[in-house]
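> sequence-free structure coming up:
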């Protein structure tokens, strides 16, 4: 860890701190390998060859700097326990002698540098070269036009998802598949220096016929502010050759494979900006502010910065965006009677923040972050609000507050409010108390301008278990088509049911339930009247025939041991656990 920290300090230009961390790491590791061999000596040699040339020249070029740093390392080492130096076997014998030699070697470094002018001259040249390398590395990773690593992972995942959608809907793919695609999956990708995919190989499995592969190009435009401007997708070609069958000499399978099918028009499809249109009651700060902060806000000299949140709140059974994730809600109670406060609230999942405060509290501003949509209720319209999430491409990027995601908070707080966070409050079961404990009987102030329910998307399918119950209720009241009912045969029957209701029931985005739960509900719905439950694979079964062309006309077996067709049931690929 110390070696990596030394490299980071050197890249940031803090040479003395980098030298301190490097020498401390080298000292402790040199003792460790006296007791633990394995690959430790090789790892130390690698660090000396990679980190050493970046850090040590600055030390070797300045004898006084070397003396100061070595003294710091020795003082730190004496004051800090070392599990290897402090062992009983390290107090005598050969190990004690070797530890003394390691310590003496560190202490001699300043004098060796002072007595060797040629070494100092050579070190200055090496340090200048290291500066050039650091500058080039910084420009490559952090310069204008490069993507912030915080955003790269999430964007890479989204690019893959969009590539799969394009492969599944492209007319050329549908023509090659014979009209219907069963599944698509990104199998391999070629990446840019930024780590973003630029060519994705998507395996396409038709309903009938052999799988083939769609080569999808993704061109990302990165703004000077290191944000994603847009991503454009296009189908390069279709090929029957999987990656292992392609010749190594081919730079591009689309030009190397003589049988590759190329679209005549390679018009791209743009990755649409994910924006939820705000209604008149919405507090989502549309349009987004061009800067990450509150330019019109004048903060007093004495105020508190409170951060609160969680990965998600308590589930509300409704959706509040188009992510397909069930919405959550977090109730925030703020009590800061001594000083005015600014709030940093963050959750990963779609969340409605219901904010209330004591009568002695003054809230100066609220910054809300998250990956999916974040909405704010209960706040007076006079209080400045900025919502910055991944989905709305906000000016502050995205963040959320949890015990394993605290690192981004202080840098963002300094950028927006000019000072770090005073206290972090984790939300538990959709509730969080911020500041001092509320006195007994205290009431909270909440503005009636915006209610949490105003963000519920009533047009979207109800999510979670409540969504299943609602779908079953709708199915029971659906109009059955007698003309499509097959005649009863023995103990089994087939019944036509409205396809939209069954699609709603089995939608992976609307109902996050297991195969078994959906199958049981279907059986309970259709077994009780006119159908006997069966066992075994060979016996008759109860089923539902789909009557619309949007879904394939298949039967959903009622046996709990039978399989529901994957294009009808909740897909396990959607992340639904089996119960």
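In hand now; what should we look at? In this text, all values refer to a predicted model and were calculated from it rather than measured experimentally. Residues are numbered from 1 along each chain as shown.

> drop to CA atoms for contacts and neighbour counts, all remaining ones
Will do.

> ok, and the closest non-adjacent residue to residue 456?
Distances taken as Cα to Cα, 6 or more residues apart in numbering place residue 320 nearest to residue 456, at 5.1 Å, with adjacent residues excluded.

> Okay, that neighbour and residue 374: tell me how far apart.
According to Cα to Cα, to the nearest Å, residue 320 stands 9 Å off from residue 374.

> When those two are compared, which one has more neighbours?
residue 374 (30 against 27; other Cα atoms under 10 Å).

> List the contacts of the nearest residue to the more buried one once chain neighbours are set aside.
Using Cα to Cα, 6+ apart and skipping the chain neighbours, the partner closest in space to residue 374 is residue 351 (5.1 Å). Residues near residue 351 by Cα atoms under 8 Å, 6 or more residues apart in numbering: 312-313, 320, 327-330, 372-375.

> at 10 Å instead, please
311-316, 319-321, 326-330, 369-376, 430, 452, 455 (Cα atoms under 10 Å, 6 or more residues apart in numbering).

> Tell me where the protein is predicted with low confidence.
For the chain, the stretches flagged by pLDDT under 70 are 145, 149-150, 193-194, 265-290, 458-579.

> hmm, 50 instead?
For the chain, applying pLDDT under 50 flags the ranges 265-289, 475-579.

> can I see the domain layout of it?
Using automatic domain parsing, the domain ranges for the chain come out as 2-142, 149-270, 304-455, 464-574.

> Helices of the stretch 151-300 of the chain, residue ranges please.
171-177, 253-256 (DSSP state H, counting those that start in this stretch).

> Can you say which of the ones you listed is nearest to residue 102?
Nearest to residue 102 among these is helix 253-256; the distance by Cα to Cα comes to 56.3 Å.

> Return the list of helices and strands in contact with that closest one.
On a contact count with 3 or more Cα pairs under 10 Å, 6 or more residues apart in numbering; DSSP states H and E, helix 253-256 meets strand 212-222, strand 228-239.

> Pick the most buried one from the ones you listed.
strand 212-222 (a mean of 22; mean count of other Cα atoms under 10 Å).

> What helices and strands are in contact with that strand?
Right, strand 212-222 is packed against helix 149-169, helix 171-177, strand 181-191, strand 197-206, strand 228-239, helix 253-256, strand 269-270 by 3+ Cα pairs under 10 Å, 6+ apart.

> can you state the direction angle for that strand and helix 149-169?
140 degrees (axes from the mean of the first three to the mean of the last three Cα atoms, to 10 degrees).

> which stretch of helix or strand covers residue 16?
Assigned by DSSP states H and E, residue 16 belongs to helix 15-32.

> For the helices and strands packed on helix 253-256, please prepare CSV with the additional fields distance to residue 89.
Output for the helices and strands packed on helix 253-256, formatted as CSV (distance: least, Cα to Cα, whole Å):
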stretch, distance to residue 89
strand 212-222, 57
strand 228-239, 57
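
> out of those strands, nearest to residue 418?
Nearest to residue 418 among the helices and strands packed on helix 253-256 is strand 228-239 (26.0 Å), distances taken as Cα to Cα.

> rewinding a little: go through the helices and strands packed on strand 212-222 and name the closest to residue 121.
Across the helices and strands packed on strand 212-222, closest to residue 121 is helix 149-169 (Cα to Cα), at 37.3 Å.

> Who are the packing partners of the closest one?
So helix 149-169, by 3+ Cα pairs under 10 Å, 6+ apart, packs with helix 171-177, strand 181-191, strand 197-206, strand 212-222, strand 228-239, strand 269-270.

> Ok, which of the ones you listed comes nearest residue 359?
Once Cα to Cα is applied to those, the stretch that comes out nearest is strand 228-239, at 42.0 Å.

> counting contacts, what elements does that closest one pack onto?
helix 149-169, helix 171-177, strand 197-206, strand 212-222, helix 253-256, strand 269-270.

> Nearest to residue 14, out of those?
helix 149-169 (21.5 Å).

> Now do the SS call for the residue nearest to residue 456.
coil (DSSP: H, G, I helix; E, B strand; the rest coil).

> isn't it right next to residue 327, touching?
Yes. Residue 320 is within contact range of residue 327, at 5.7 Å (criterion: Cα atoms under 10 Å).

> Please enumerate the shared neighbours of those two.
Common neighbours of residue 320 and residue 327 (Cα under 10 Å, 6+ apart) are 350-352, 372-374, 455-457.

> Contacts only, for the most centrally placed residue in the chain.
Per Cα atoms, centre = their mean, the C-alpha nearest to the average position across the chain is that of residue 154, at 4.8 Å. Going by Cα under 10 Å, 6+ apart, residue 154 touches 196, 371, 390.

> Then residue 178?
If a contact means Cα under 10 Å, 6+ apart, then residue 178 has 172, 206-209 as its contacts.

> Out of those residues, which end up buried?
172, 206 (16 or more other Cα atoms under 10 Å).

> Of the contacts of residue 178, which is the nearest to residue 264?
residue 172 (9.6 Å).

> Now the nearest residue to the closest one once chain neighbours are set aside: phi and psi?
Nearest non-adjacent residue to residue 172, counting by Cα to Cα, 6+ apart: residue 263, 6.9 Å away. Main-chain torsions, residue 263, degrees, to the nearest 10: phi -70, psi 140.

> can you check residue 347 too?
Dihedral angles for residue 347 - degrees, to the nearest 10 - are phi -140, psi 150.

> got it, and residue 337?
Dihedral angles (degrees, to the nearest 10) for residue 337: phi -70, psi -20.

> right, and it touches residue 439 too?
No. Using Cα under 10 Å, residue 337 is not in contact with residue 439; the gap is 11.4 Å.

> before we move on, the earlier item: mind checking how far the residue nearest to the centre of the chain is from residue 397?
Counting by Cα to Cα, the gap from residue 154 to residue 397 is 12 Å.

> For those two, list the residues in contact with both.
Common neighbours of residue 154 and residue 397 (Cα under 10 Å, 6+ apart) are 371, 390.

> For the helix or strand harbouring residue 71, which outside residues touch it?
Taking DSSP H and E as the criterion, residue 71 maps to helix 63-79. Helix 63-79 has contacts (Cα under 10 Å, 6+ apart) with 15-25, 27-28, 56, 58-60, 80, 103, 106-117, 120.
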